[in-house]
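Engineer: Could you work out the structure for the sequence below:
(chains A and B)
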Amino acid sequence: MIEIQNITKKYGKKTVVNQVSAVITEGRLTAFIGSNGAGKSTLLSIISRLLKPDDGKVIIDGTEVLAWNQEELSKRISILRQSNHMNLRLTIWELVSFGRYPYSKGQLTEEDEEKIKEALEYTEILDLKDRYLDELSGGQRQMAYIAMVIAQDTRYIFLDEPLNNLDMKHSVQIMKILRKLVDDLGKTIVIVIHDINFVSCYADHILALKDGMLIKTGEKKEIINSDVLSGIYDMNIQINTIDGKDICIYYT
Amino acid sequence: MEKPYTNHKNMKLILFGILFIQCILSILVGVKNISFLHPSFEDMEIIFISRFPRLVSILVAGCSLSMTGLIMQTITKNKFVSPTTAGTADWARLGILIAMLFFGNSSTMVKMLVAFVSCMFGSFLFIRLLSKIRIRNGILIPLIGLMMGNVVEAASTFFAYRFDLIQNMSSWMQGSFSLILKGRYELLYVGIPFLILGYLYADKFTIAGMGKDFSMNLGLNHEQIVNLGLVLVSVITSVVTVTVGGLPFLDLIIPNIMSMIKGDNLKNSLLDTALLGANFILFCDILGRVLIYPYEIPIGMMISVTGSAVFLIMVLKGAKK
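Structural biologist: Numbering: from 1, shown residues only, chains lettered A, B, ... in the order given. A predicted model of the protein is given here:
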């Protein structure tokens, strides 16, 4: 379980995250939603220890995140940021095998290789394993990064806008993989995401931020609701039920 | 399970083979003819006092410089950064000058230490600068390094001129193996443990090259690894500069060639880079000794000419793809 207590982060005078407290329960797919600049990514970075908060603390499985042994923590949580521009020429296999670094320290055991292979099969890029990252399409590259995180095999997985710049096919594929990770392997996944319909179709739990504050939190059913969403995004959002799925209509 | 790396499997073997042949050639080539099969006492003396030290120093310098280049370009995440372009070598020379000014005719060990301190200062200044100014254009980073290096070099030249040390200094500006004799190159061995350390840290350097967030995600302290890399690079650069002198751009060309062939997973490419570096510099040295026999073309010049030709070919080939 992850407890977020009174997290505050300021950039200069601007408060980006303002006294946010929440609990992230295990075995669920939690989505952070909100407009641009609402503080979603900053909050995610703080929870995953990439950023230090100005105030408040994050407690992961009973221990404060900064008090964790960093090596052990990297076996417990993994984080994939939004822009992953990498200058290195690595093959997919090499990249994903670095996901095993917390366990193997560079000496891959047979178990490590098995995990790498599983991650590549999960993301359906096993046949591309010897290709260099810079020879791939954006979607394939994102798959490779996600495979790396899967290979890291952590209880908690944080993803910052994993669908950014991807086509529909890859987006659906990634969301299905995340769903499977939660349902089949019992992972706890937290994502920052803009496409509200993917949230509606795949998430379990939602945290809504606005101007740095947590304004609404609850099960998907409570949030995917015309009034609530309109309040979060400051725009008119209609909800239609199509084939049993709540689909938000906001294009016109 | 199928092993991931199938191509370039024999690369190390081939590089070793060529290196071995070149080593024999290097021992044989020289003004004095040596009989390899029936060496006389005099031949043996020449081999052990002059040719063998020369060969060893070439090998160590070639491995060292290409490895430092690879480590530097990885931890700075920039393919154009190397001890040459980051000005590290210029700082080493400034250090040597300071040692000569303040400690008189000090031993090479003292020169090496002062050069090392100076190198460290320069490297950390460079890295601090990079983290302070957020530059999006990658090519500007080595340009800043080159400019800083030139300022440092100008300062060194000025003080060398004022204190009548120009002649002394120039031998450290232009690398040369022709003055290497037994007793004058052994300091190079100091660099070897650091090369091994560099190899042991290969994975960590690669992860550092992925960026701060990736390093943290995998439980590593990014800053610590970068600092360690800089210390390694500074030690090795100062050792080579004090014993052999400056060998420009070797540290830039070799890692880039290897990166094109084998990618940037240091564990996978570090040894090959070292071997290629040793091969390349030995080739340049032998060619330089043969071309205008019995005289010698300076190694720095040979490296520049051969290196730019090779690099151009690689770039053009890459562009065609």
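
Engineer: secondary structure element for B:Leu113?
Structural biologist: Here B:Leu113 sits within helix B:108-132, counting by DSSP states H and E.

Engineer: Up against chain A, what does chain B have?
Structural biologist: B:1, B:4, B:6, B:74, B:77-79, B:138, B:202-203, B:206-207, B:209-211, B:213-214, B:216-221, B:259, B:263-265, B:267-268 (C-beta under 8 Å from any C-beta of the partner chain). Where C-beta positions appear, they are placed from N, C-alpha and C, glycine not excepted.

Engineer: Show me those residues that map onto helices.
Structural biologist: Among the residues of chain B next to chain A, the residues falling in helices (DSSP state H) are B:74, B:202-203, B:206-207, B:209-210, B:213-214, B:216-217, B:259, B:267-268.

Engineer: unless I'm mixing things up, A:Asp153 is touching A:Lys115, no?
Structural biologist: Yes. Using C-beta atoms under 8 Å as the test, A:Asp153 is close enough to A:Lys115 to be in contact (6.0 Å).

Engineer: what about residue 13, how many residues close to it?
Structural biologist: Here I'm looking at chain A. 5 (other C-beta atoms under 10 Å in any protein chain shown).

Engineer: Correction: the question concerned chain B.
Structural biologist: The number of residues near B:Leu13, taken as other C-beta under 10 Å, comes to 9.

Engineer: Contacts made by the helix or strand harbouring it with the rest, please.
Structural biologist: Using DSSP H and E, B:Leu13 maps to helix B:11-28. With contacts defined as C-beta atoms under 8 Å, 6 or more residues apart in numbering or on different chains, helix B:11-28 is touched by B:34, B:36, B:47, B:51-52, B:54-55, B:58-59, B:261-262, B:271-272, B:275-276, B:278-279, B:282-283, B:285-286.

Engineer: which of the residues you listed are buried?
Structural biologist: Using 16 or more other C-beta atoms under 10 Å in any protein chain shown as the burial test, the contacts of helix B:11-28 include B:34, B:47, B:51-52, B:54-55, B:58-59, B:261-262, B:271-272, B:275-276, B:278-279, B:282-283, B:285-286 as buried.

Engineer: Next step: these restricted to helices.
Structural biologist: B:52, B:54-55, B:58-59, B:261-262, B:271-272, B:275-276, B:278-279, B:282-283, B:285-286.

Engineer: Test my guess that A:Asp130 contacts A:Leu95.
Structural biologist: No. Using C-beta under 8 Å, A:Asp130 makes no contact with A:Leu95, being 11.6 Å away.

Engineer: more crowded one of the two?
Structural biologist: A:Leu95 (24 against 13).

Engineer: dump the residue contacts of B:Gly87.
Structural biologist: Applying C-beta under 8 Å, 6+ apart, we find B:Gly87 in contact with B:122, B:126, B:145-146, B:148-150, B:152.

Engineer: Of the residues you listed, which is the nearest to chain A?
Structural biologist: Proximity of the contacts of B:Gly87 to chain A (C-beta to the nearest C-beta) peaks at B:Gly145, which lies at 16.5 Å.

Engineer: could you list every residue that touches the closest one?
Structural biologist: For B:Gly145, the contact set (C-beta under 8 Å, 6+ apart) comprises B:81, B:85-87, B:126.

Engineer: again, only using 6 Å
Structural biologist: Going by C-beta atoms under 6 Å, 6 or more residues apart in numbering or on different chains, B:Gly145 touches B:85-87, B:126.

Engineer: if you skip the residues just before and after it, what's nearest to it?
Structural biologist: For B:Gly145, ignoring the flanking residues on the chain, the nearest one in space by C-beta to C-beta, 6 or more residues apart in numbering or on different chains is B:Ala86 at 3.9 Å.

Engineer: Am I right that the one you found falls within a strand?
Structural biologist: No. Using DSSP: H, G, I helix; E, B strand; the rest coil, the secondary structure at B:Ala86 is coil, not a strand.

Engineer: Against B:Ser50, how distant is B:Gly30?
Structural biologist: B:Gly30 is 8 Å from B:Ser50, where distance means C-beta to C-beta, to the nearest Å.

Engineer: go on, A:Ile177?
Structural biologist: According to C-beta to C-beta, A:Ile177 stands 65 Å off from B:Ser50.

Engineer: again, but for B:Leu287
Structural biologist: 19 Å.

Engineer: low-scoring pLDDT stretches of chain A, where are they?
Structural biologist: Along chain A, segments meeting pLDDT under 70 are nowhere present.

Engineer: And it, what are its domain boundaries?
Structural biologist: Taking automatic domain parsing as the reference, chain A has its domains at A:1-76+A:155-252, A:80-153.

Engineer: The longest one close to chain B?
Structural biologist: Yep, that's domain A:1-76+A:155-252 we're talking about. Yes. Contact of domain A:1-76+A:155-252 with chain B (C-beta under 6 Å from any C-beta of the partner chain) involves A:50, A:70-71, A:74.

Engineer: Which ones among the residues you listed lie within helices?
Structural biologist: A:70-71.

Engineer: Neighbour-wise, give me the winner out of the residues of domain A:1-76+A:155-252 next to chain B.
Structural biologist: Among the residues of domain A:1-76+A:155-252 next to chain B, A:Ser74 has the most neighbours (other C-beta under 10 Å), with 24 neighbours.

Engineer: give me the residue from the stretch 1-150 of chain A nearest chain B.
Structural biologist: For the stretch 1-150 of chain A, C-beta to the nearest C-beta, closest residue to chain B: A:Ser74, 3.1 Å.

Engineer: That residue contacts B:Leu218, correct?
Structural biologist: Yes. A:Ser74 is within contact range of B:Leu218, at 5.4 Å (criterion: C-beta atoms under 6 Å).

Engineer: how about the spatially most central residue of chain B, secondary structure?
Structural biologist: In chain B, the C-alpha nearest the mean C-alpha coordinate belongs to B:Leu65, at 1.5 Å (C-alpha atoms, centre = their mean). For B:Leu65, the assignment made with three-state DSSP gives helix.

Engineer: got a list of what it touches?
Structural biologist: Contact partners of B:Leu65, counting by C-beta under 6 Å, 6+ apart, are B:250-251.

Engineer: Look up how far B:Ile236 lies from it.
Structural biologist: Separation of B:Leu65 from B:Ile236 (C-beta to C-beta): 8 Å.

Engineer: ok, back up a step: okay, the domains of chain A, which one's buried deepest?
Structural biologist: domain A:80-153 (a mean of 19; mean count of other C-beta atoms under 10 Å in any protein chain shown).
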